[in-house]
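[1] no sequence on this one, just coordinates:
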């Protein structure tokens, strides 16, 4: 995963926070909170992940999550064409509330 992190002191704690996100394919750097969005209210998020383990609901969970950080440009120009070559089409749900 290509996230650049740093440790910051929190009273009685030391936490690791994400400083910036880097695309695993092209190396472009994103911002911290919403790495690929241009404006405060824009949404530009690419999620490629795999979870494996156990989830017991309210009693807890134990699993490993594998992730790749991919910028929107690589999503459009590398990932989607790779799936299209294999005959796979994306699902496009509409989010509007």
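    Arrived safely, thanks for sending. From a predicted model like this one, the values you see are computed outputs, not experimental measurements.
[2] residue contacts, the spatially most central residue of the chain?
    By C-alpha atoms, centre = their mean, the chain has its centre lying nearest to residue 47, at 4.5 Å. Residue 47 makes contact with residue 67 under the criterion C-beta atoms under 8 Å, 6 or more residues apart in numbering. C-beta: built from backbone N, CA, C; applies to glycine.
[3] now it: how far from residue 68?
    To residue 68, residue 47 is 9 Å away according to C-beta to C-beta, to the nearest Å.
[4] Residue 93 and residue 67: what is the separation?
    In terms of C-beta to C-beta, residue 93 sits 21 Å off from residue 67.
[5] So which of the two has more stuff around it?
    Per other C-beta atoms under 10 Å, whichever of residue 93 and residue 67 has more neighbours is residue 67, with 14 against 4.
[6] Locate that one within the secondary structure: which element?
    Residue 67 is part of strand 61-68, with elements assigned from DSSP states H and E.
[7] For that strand, which residues meet the burial criterion?
    Of the residues in strand 61-68, residue 68 count as buried by neighbour count, 16 or more other C-beta atoms under 10 Å.
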